[in-house]
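A.B. asks: Build me a model:
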Amino acid sequence: MQTVEGIPVPTTKSNPEKVLEGQVSPYQKPKKAKDKTGAPPSRFSLRMTAGWWRSLQCVGMGLHFLASPRPPNPDFVKYIPSTLASKKGQFSLQFYLPEGYKKDPSSDKWPVVVNFHGGGFTLGSATDDARFARVVLEKCHAVFISVDYRLAPEFPFPTAVDDGADAILYIIENAAKLRLDCNRIATSGFSAGGNIAITAPIRLFEHCKTAKVPEHRIIAIATWYPITDYTLSRAERRALALRPEATLPPTLTNLFDASYLFPPDLNLSHPWLSPSQASDEMLKESIPPNVIFYTCEWDMLLHEGEELAHRLQQEPISKNVYYTMVTGVAHGWDKGPNPVKPPPKCEKLYAECCKTLKSIFEEDETHSSILHIPLKLPQILHSKPKDESDGE
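C.D. replies: Residues are numbered from 1 along each chain as shown. As a prediction, this is how the structure comes out:
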């Protein structure tokens, strides 16, 4: 049994994938959305199916939140207008505040983690990562802002990425009022949100080329089992997986792809969609200097994530990459709907991630205030994870 955003999904035997009408062979590299999804499904039917899965997800996440230690509730919510997306509207930011922020109203310059939830760009909500928020508050002493970006199929690509960049832009422009340090921003995300944690900074970087944006620095990304390359077919991914039967079933992946990848002629190599397809120059310029990268051993996304992590560390991109492959777990393992105890390993790994984030925030604050020179941390790339069989 595996979970998708808190929804229990039975594992199934690995069978050859059916080729949908208009879809290229499962083992042929897709270039356009229609190559991956076939003839465009009815958007109405996609909305109905997504609505059913969203209902299940609410139940699953409700169970996930019951286990001790209980995750916090947001301290407040702000609704902000979209400014970058072609489809105008609004979405919410959920604010989680560290203890010191609440105790001392005069304190300012708080580091901030901007988070994006998972769910295939189709399911989920901004409160899904509240367990991670708790650890960020306790270990990083940073403000945690979770973005309730608009979902497909109602809002297909690139709305989620536009909303992600808009959220960061709002934080930059309102940093003084919110008592945040706009030179100590990190993004984080899980699964689809892990993709946005990478692509939103790219989107914002492109926006800054043509618009006047206040001075700011995004100094880190913490991305958990992200999808990074839509030019790979799901069949190819499953064939490469260590345990294909433990990967997400076609019922869900077909829904996610058909919902998000629209219109049919969408270029799957677009860097805001597939950061693995971005040029070295774009990644070097737009990705923050520090990248904390997690993959899952049984995940169909393992290999593309691992390849991107290695690429980001190598010249000419040369980022500080902290990479860990989590052994013995499937995609989204940390969102299990067990009401008795948190999923194994997640508390320990969340704490390790936040320890690294905290050191990045503290080192950057020292260099910014004293030396006024760019920060350069030692590169750490864990190609082989340490044994974590003693999960909580």
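
A.B. asks: Only C-alpha atoms from now on, for both contacts and neighbour counts.
C.D. replies: Will do.

A.B. asks: So what does Val326 have for phi and psi?
C.D. replies: Per-residue torsions, Val326: phi -80, psi 120 (degrees, to the nearest 10).

A.B. asks: what residues does the lengthiest strand in the chain touch?
C.D. replies: The single longest strand within the chain, with elements called by DSSP state E, is strand 180-190. Contacts with strand 180-190, where a contact means C-alpha atoms under 8 Å, 6 or more residues apart in numbering, come from 108-118, 143, 171-172, 175, 194-198, 215-226, 332, 361, 364-365.

A.B. asks: of these, buried ones?
C.D. replies: 109-118, 143, 171-172, 175, 194-198, 216, 218-226, 332, 361, 364-365 (16 or more other C-alpha atoms under 10 Å).

A.B. asks: element containing the residue most central in space within the chain, please.
C.D. replies: Nearest residue to the geometric centre of the chain (C-alpha atoms, centre = their mean): Gly194, 1.8 Å. Assessed by DSSP states H and E, Gly194 sits inside helix 192-208.

A.B. asks: elements contacting whichever helix or strand comes after that helix?
C.D. replies: Counting by DSSP H and E, the next helix or strand C-terminal to helix 192-208 is strand 218-224. Applying 3 or more C-alpha pairs under 8 Å, 6 or more residues apart in numbering; DSSP states H and E, we find strand 218-224 packed against strand 180-190, helix 192-208, strand 290-296, helix 346-366.

A.B. asks: For Phe155, which of these is the nearest?
C.D. replies: helix 192-208 (14.3 Å; C-alpha to C-alpha).

A.B. asks: Mind listing what's buried along that closest one?
C.D. replies: Those would be 192-205, for helix 192-208 by 16+ other C-alpha under 10 Å.

A.B. asks: Ok, stretch 285-305 next?
C.D. replies: 286-305.

A.B. asks: Show me what the mean pLDDT comes to for stretch 47-59.
C.D. replies: Stretch 47-59 shows an average pLDDT of 94 in the prediction.

A.B. asks: Now do it: distance to the chain's middle.
C.D. replies: 20 Å (C-alpha atoms, centre = their mean, to the nearest Å).

A.B. asks: Export only the CA atoms of that stretch, formatted as CSV.
C.D. replies: Provided in CSV are the C-alpha atoms of stretch 47-59 (Å, rounded to 0.1, in the frame of the first residue of the first chain):
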residue,chain,number,x,y,z
ARG,A,47,-12.8,18.2,-13.1
MET,A,48,-15.3,15.6,-11.9
THR,A,49,-12.6,12.9,-11.4
ALA,A,50,-10.2,15.4,-9.7
GLY,A,51,-13.1,16.4,-7.4
TRP,A,52,-13.6,12.8,-6.3
TRP,A,53,-9.9,12.3,-5.6
ARG,A,54,-9.8,15.6,-3.7
SER,A,55,-12.5,14.3,-1.4
LEU,A,56,-10.5,11.2,-0.6
GLN,A,57,-7.4,13.3,-0.1
CYS,A,58,-9.2,15.4,2.6
VAL,A,59,-10.0,12.2,4.5
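
A.B. asks: Check the gap between Ala133 and Pro289 for me.
C.D. replies: 22 Å (C-alpha to C-alpha, to the nearest Å).

A.B. asks: and if you look at Glu173?
C.D. replies: 22 Å.

A.B. asks: so what's the closest residue in space to Ala85 that isn't next to it in sequence up against?
C.D. replies: Sequence neighbours aside, Asp162 is the residue nearest to Ala85 in space, at 5.3 Å (criterion: C-alpha to C-alpha, 6 or more residues apart in numbering). Asp162 sits next to 82, 84-85, 200, 203 when contact means C-alpha under 8 Å, 6+ apart.

A.B. asks: again with His64
C.D. replies: Contact analysis of His64 by C-alpha under 8 Å, 6+ apart lists 6, 335-339, 342.

A.B. asks: now, among those, which is nearest to Ala309?
C.D. replies: Lys335 (23.1 Å).

A.B. asks: Isn't that closest one up against Pro343?
C.D. replies: Yes - between Lys335 and Pro343 there is a contact at 7.0 Å, judged by C-alpha atoms under 8 Å.

A.B. asks: Compare these two (neighbour count), which wins?
C.D. replies: Lys335 (26 against 18; other C-alpha atoms under 10 Å).

A.B. asks: Could you check how far the more buried one is from Met48?
C.D. replies: Counting by C-alpha to C-alpha - Lys335 and Met48 are separated by 24 Å.

A.B. asks: ok so, going back, same list, the buried residues of helix 192-208, but as CSV with distance to Arg43 and pLDDT please.
C.D. replies: Shown next, in CSV, are the buried residues of helix 192-208 (distance: C-alpha to C-alpha, whole Å; pLDDT from 0 to 100):
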residue, distance to Arg43, pLDDT
Ala192, 20, 98
Gly193, 22, 98
Gly194, 25, 98
Asn195, 23, 98
Ile196, 23, 98
Ala197, 27, 98
Ile198, 27, 98
Thr199, 25, 98
Ala200, 25, 98
Pro201, 29, 98
Ile202, 28, 98
Arg203, 26, 98
Leu204, 29, 98
Phe205, 32, 98
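
A.B. asks: Direction included, what does the host helix or strand of Val321 pair against?
C.D. replies: Per DSSP H and E: Val321 is located in strand 320-326. Paired with strand 320-326 in the same sheet, following DSSP bridges, are strand 290-296 (parallel).

A.B. asks: Thanks again, I'm all set now.
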